[in-house]
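Student: how would this look folded up:
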Amino acid sequence: MRSAMVLRISAVAVVVLFFAGGVVLGQPPAGVASGQEVAGWFAAHGWQVRAAVWLWTVEALASAIFLGLARNQLPVPHRDVFFVGGVTFVAEQAVSTWILAGLSWHSAQLQPETARTLLDVASFFGPVLNGSTLAMLAPVVLLSWGKHPVLPRWLGVVGAVALVEQAVESVVTIFGESGFTEPGGAMNLQLGAALVSIWFICVGFGLTRASDAEPRPVGEGAGPAVSATG
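Tutor: Alright, predicted model coming up:
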């Protein structure tokens, strides 16, 4: 199978697994919920939490494939910024899932104060993740603009919309207190996640040069690795 096809499949897999995990998990307690409510929720939804964590664990493999192949299509130094953003994206998601899985393990012994505090920590996965998504978005957007764009302009337009939203979201949700703008709330996990997911799939299909082409050594030349008309 050509690497270009693997790139597309992995992009779709990342999005499908991410949202499948969210559907299985359901809606965790909001920021206004008491510690007792949080502890009770994890006691009642332990199986769903672990199932979601498993889906997100598999997603990490799909993400690694996607990031490795997508990076190979970008020129230096853009590909390195993109890759660093992607690696931190996977790492931050792993930390968040560790906390959620841990809360679901001995839920009968979970103290309300501990439950509330740890869920608060896990909830900041959304706001902090914006830094990683911005690092992935920015170089791809830059490569699609200018007099002689390296990537298709439509990919830059989609990326620019997501980039602006992620930049605003990073401020709003870090300082948000409740509701739509609270850390780990709907702005993070619905609006922002939807826009970035659409962009992921666009990247998978927009990087049209076959991924199995011979990669250039890092630092050798600065010409584009992809053609906007390829």
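Student: From now on I want contacts and neighbour counts done on CA atoms only, so please keep to that.
Tutor: Fine.
Student: How about the contacts made by the residue nearest the centre of the chain?
Tutor: Centroid-nearest residue in the chain, with C-alpha atoms, centre = their mean: Phe89, separated by 5.6 Å. Contact criterion C-alpha atoms under 8 Å, 6 or more residues apart in numbering gives Leu129, Ser132, Thr133 as the residues in contact with Phe89.
Student: from those, which is closest to Gly185?
Tutor: Leu129 (13.0 Å; C-alpha to C-alpha).
Student: got a list of what the closest one touches?
Tutor: Phe89, Glu92.
Student: any idea how far it is from Glu169?
Tutor: Distance of Leu129 to Glu169, given as C-alpha to C-alpha, to the nearest Å: 10 Å.
Student: try Leu163
Tutor: In terms of C-alpha to C-alpha, Leu163 sits 10 Å off from Glu169.
Student: What of Phe19?
Tutor: Separation of Phe19 from Glu169 (C-alpha to C-alpha): 19 Å.
Student: Could you check which of the two has the larger neighbour count?
Tutor: Neighbours per residue, other C-alpha atoms under 10 Å: of Phe19 and Glu169, the larger number sits with Glu169, 23 against 19.
Student: what's the helix or strand for the more buried one?
Tutor: In this structure, Glu169 sits in helix 153-175 according to DSSP states H and E.
Student: Please apply the same query to Arg8.
Tutor: Counting by DSSP H and E, the element that carries Arg8 is helix 3-25.
Student: Take that helix, keep the C-alpha atoms, and write them as CSV.
Tutor: Listed next in CSV are the C-alpha coordinates belonging to helix 3-25 (Å, rounded to 0.1, in the frame of the first residue of the first chain):
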residue,chain,number,x,y,z
SER,A,3,2.4,5.6,1.9
ALA,A,4,0.0,8.4,0.7
MET,A,5,-2.9,6.0,1.3
VAL,A,6,-1.5,5.1,4.8
LEU,A,7,-1.3,8.8,5.6
ARG,A,8,-5.0,9.3,4.7
ILE,A,9,-6.1,6.2,6.6
SER,A,10,-4.1,7.2,9.7
ALA,A,11,-5.6,10.7,9.6
VAL,A,12,-9.1,9.4,9.5
ALA,A,13,-8.2,6.8,12.2
VAL,A,14,-7.0,9.4,14.6
VAL,A,15,-10.2,11.4,14.3
VAL,A,16,-12.5,8.4,14.5
LEU,A,17,-10.7,6.9,17.6
PHE,A,18,-10.6,10.3,19.3
PHE,A,19,-14.3,10.9,19.0
ALA,A,20,-15.2,7.3,19.6
GLY,A,21,-13.4,7.5,22.9
GLY,A,22,-15.4,10.7,23.8
VAL,A,23,-18.7,9.0,22.9
VAL,A,24,-17.8,6.0,25.1
LEU,A,25,-16.7,8.1,28.0
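Student: Tell me which other helices or strands it touches.
Tutor: helix 46-71, helix 193-206 (3 or more C-alpha pairs under 8 Å, 6 or more residues apart in numbering; DSSP states H and E).
Student: Phi and psi next, for the residue nearest to the centre of the chain.
Tutor: Dihedral angles phi and psi of Phe89 (degrees, to the nearest 10) take the values phi -60, psi -50.
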